[in-house]
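Undergrad: Have a look at this prediction, sequence included:
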Amino acid sequence: MRDAPVVGGVNVTRGNGETIRMRRGASIADFADKIETLTGYTVQPGTLVTILFNLGEMATATESLDEATFEVLGEELGYKIQMVSPEDEDKELLEGFGLDLEKELAAESEEDLEIRPPVVTVMGHVDHGKTRLLDAIRQTNVIAGEAGGITQHIGAYQVWTEHEEIERAITFIDTPGHEAFTAMRARGAQVTDLAILVVAADDGIMPQTVEALNHAQAANVPIVVAVNKVDKPDANPAKVRQQLTEYGLVAEEYGGDVMFVDVSARQGTGIQELLDAVLLVADAGLDLTANPNKSARGVAIEAKLDKGRGSVATVLIQSGTLRIGDSIVAGTAFGRVRAMLDENGDAVEEAPPSRPVQVQGLNSVPRAGDVFIVTEEDRMARQIAEKREAVQRNALLAKARKRISLEDFTRALEEGKVETLNLIIKGDVSGAVEALEESLLKIEVDDSVQLRIIHRGVGAITESDVNLATIDNAIIVGFNVRPDTKAREASAREGVDIRFYSVIYSAIDEIENSLKGMLKPEFEEVQSGVAEIREVFRSSKFGNIAGVIVRSGTITRNAKARVIREGVVIADGLAIESLRRFKDDVTEVRTDYEAGIGLGKYNDIQVGDEIETTEMVEKPRG
Ligand SMILES: Nc1nc2c(ncn2[C@@H]2O[C@H](COP(=O)(O)OP(=O)(O)OP(=O)(O)O)[C@@H](O)[C@H]2O)c(=O)[nH]1
């Protein structure tokens, strides 16, 4: 490739608004490659590192960058950046193996398709009777002859019911509440065709009822309401109907189009009517069909590591038929189907669409929501899994930088992009949540800025809040509440910004400032690399040079350094004046590599000392 000519003082590798597609986890070096392909001229990654540095962002040539950083760099160079979404990325990965799931589905003709059972998730507030209802459904509708058999929890099961004189199956996802539902949605897997919202008639609408229906509505999944515990003396089913009207769920008897069914999970009443309602909704407009005559595709519902059996994963077949001996890949897990069990613990030879089965034979445990596909050869399943693992690793590295934070929002605003700030509000008492919501909605800003509160609730910040924030790129505001362990892990993994407040005024203040584009980012120092001194050389030009091996992270030429002797910082705020590998000046040295570091006039270094480097990164508030 040739060097780019300079025309009118401008290097012609600069763009003219062309779009460059970048993968998650890509680096400056990848970006340079893309520009080279586009222009036909050589682009040095180091040049891009310098340009980015001059824009106030520090990154090495091979480090994974996030979307915001690519955009900054792209804008400077005259390119539009389009980040490839995780779904598209995986799609492209599969296409590389000749697998195009969408094309496959589109190529199916009407004759190939057969009706499949609806897949139903049961959601509702704690103690409103989800578990009991699922038990009741199961007890009254297991396949004849298997009643009383030992059932085992595999995360999903099918029941059979006579509907308009035909025996029909319904598949129930039986994972703990809507946590699984949102986890799967966050991963782009749509498994649920329909949701049953359980509301106890003696208790009425509670925070998780609202949360559950928000999730179902956001996913565009139709809802059937089961008004439970109608056997209780203080049951008030009419009130439940009344209350849900406010959330857009209007009962048929009130002129709306939502089916409400009164049930008692304890007494087993109303169950048949509920199943009929589910099938009516499914038949009315959901068009649930699939081709059973091809190799299977579906979604992992739950999975665990079993001491005796290894990885066991419950999968839901979405199209095709799964058979013993099939090679499958689910997320980053792969293997051959060694055995399949149904919810009764019975061995199954093949599983058609909408059938959940527990599969043995995968090499590791897939995550809930991972899509699985059957491949023609074992080798292909393994290669897909390995490629995905590499992609995930890179994406994680980039994501560690951050998702949207209030500061990003402010910056986007300052750049004049029209923006909507999505918020989730969680508080300790409903009064506070309402007060906060009301005050926030009253903030006056100009027309280009919008505040949307996509969910509010009382109680700790949960994993499902974080999942919702991930999907809608929202910021979570916690008023006197904290995330639970799972939520904390999820927010760290997904990089969701959670802001904690204990005074309503400061929450309003900060969000108002952000909406008005006044929030200034704060920076903090983080460790970027540690090197151990193994030799000290004297150089007439540079003073003492430390011969080091990098123990962790990356030592970069621009970083600040400190010297640590036996765990004590003996000098701080030093600049790295020279960084060399052998005789060459380099900009960075990574873990396990040797290098020579010169700290300018600072000479007090000994063998065994550590040089630790730090960089300034934007600090999450809270
Ligand atoms: N009277 C009456 N009690 C019920 C009925 N359904 C459930 N219950 C009781 O309500 C309590 C909660 O029921 P669960 O099925 O555990 O509720 P859940 O929604 O699954 O609760 P979590 O799993 O904790 O979210 C239990 O004590 C049940 O026995 C009903 O129809 N009538």
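TA: Right, received. Where do you want to start? Source: prediction; values computed, not measured.
Undergrad: Please report how far residue 262 lies from the ligand.
TA: 10 Å (Cβ to the nearest ligand atom, to the nearest Å). All C-beta spots, glycine's among them, are computed from the backbone N, C-alpha and C.
Undergrad: got a list of what that residue touches?
TA: 201, 227, 230, 237, 270 (Cβ atoms under 8 Å, 6 or more residues apart in numbering).
Undergrad: Please flag which of these sit within strands.
TA: residue 227 (DSSP state E).
Undergrad: how about the contacts of residue 262 in CSV, adding distance to residue 450, pLDDT and neighbour count?
TA: Formatted as CSV, those follow (distance: Cβ to Cβ, whole Å; pLDDT from 0 to 100; neighbours: other Cβ atoms under 10 Å):
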residue, distance to residue 450, pLDDT, neighbour count
201, 38, 95, 25
227, 36, 97, 28
230, 42, 96, 22
237, 38, 94, 21
270, 43, 94, 21
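Undergrad: JSON lines please, covering the contacts of residue 262 and showing distance to the ligand.
TA: Shown next, in JSON lines, are these (distance: Cβ to the nearest ligand atom, whole Å):
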{"residue": "201", "distance to the ligand": "9"}
{"residue": "227", "distance to the ligand": "10"}
{"residue": "230", "distance to the ligand": "7"}
{"residue": "237", "distance to the ligand": "12"}
{"residue": "270", "distance to the ligand": "9"}
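Undergrad: which residue ranges form the strands in the stretch 201-350 of the chain?
TA: 223-228, 260-262, 289-290, 297-306, 310-319, 322-323, 327-330, 333-341, 350-351 (DSSP state E, counting those that start in this stretch).
Undergrad: which stretch among those comes nearest residue 92?
TA: Among the strands of the stretch 201-350 of the chain, the nearest to residue 92 by Cβ to Cβ is strand 327-330 (15.7 Å).
Undergrad: Can you point out the buried residues in that closest one?
TA: Residues 327-330 are the ones in strand 327-330 that count as buried (16 or more other Cβ atoms under 10 Å).
Undergrad: okay, that strand in CSV with CA atoms only?
TA: C-alpha atoms of strand 327-330 as CSV (Å, rounded to 0.1, in the frame of the first residue of the first chain):
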residue,chain,number,x,y,z
SER,A,327,-24.0,-31.2,17.3
ILE,A,328,-25.1,-28.0,18.9
VAL,A,329,-23.7,-24.6,19.9
ALA,A,330,-25.4,-22.3,22.4
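Undergrad: Outside of that strand itself, which residues are in contact with it?
TA: Under the criterion Cβ under 8 Å, 6+ apart, residues 296, 300, 313, 315, 322, 334-337, 359, 362, 366, 370-378, 380-382, 384-385 lie in contact with strand 327-330.
Undergrad: Show the model's pLDDT score for residue 312.
TA: Note for residue 312: predicted pLDDT of 90.
Undergrad: returning to that earlier point: give me the buried subset of the contacts of strand 327-330.
TA: 296, 300, 313, 315, 322, 334-337, 359, 362, 366, 370-375, 380-382, 384-385.
Undergrad: so how far is the helix or strand where residue 513 lies from its chain's centroid?
TA: Assigned by DSSP states H and E, residue 513 belongs to helix 504-515. Centre-to-centre, helix 504-515 and its host chain are 27 Å apart (Cα atoms, centre = their mean, to the nearest Å).
Undergrad: With stretch 583-593 instead?
TA: The chain centroid and the centroid of stretch 583-593 are separated by 35 Å under Cα atoms, centre = their mean.
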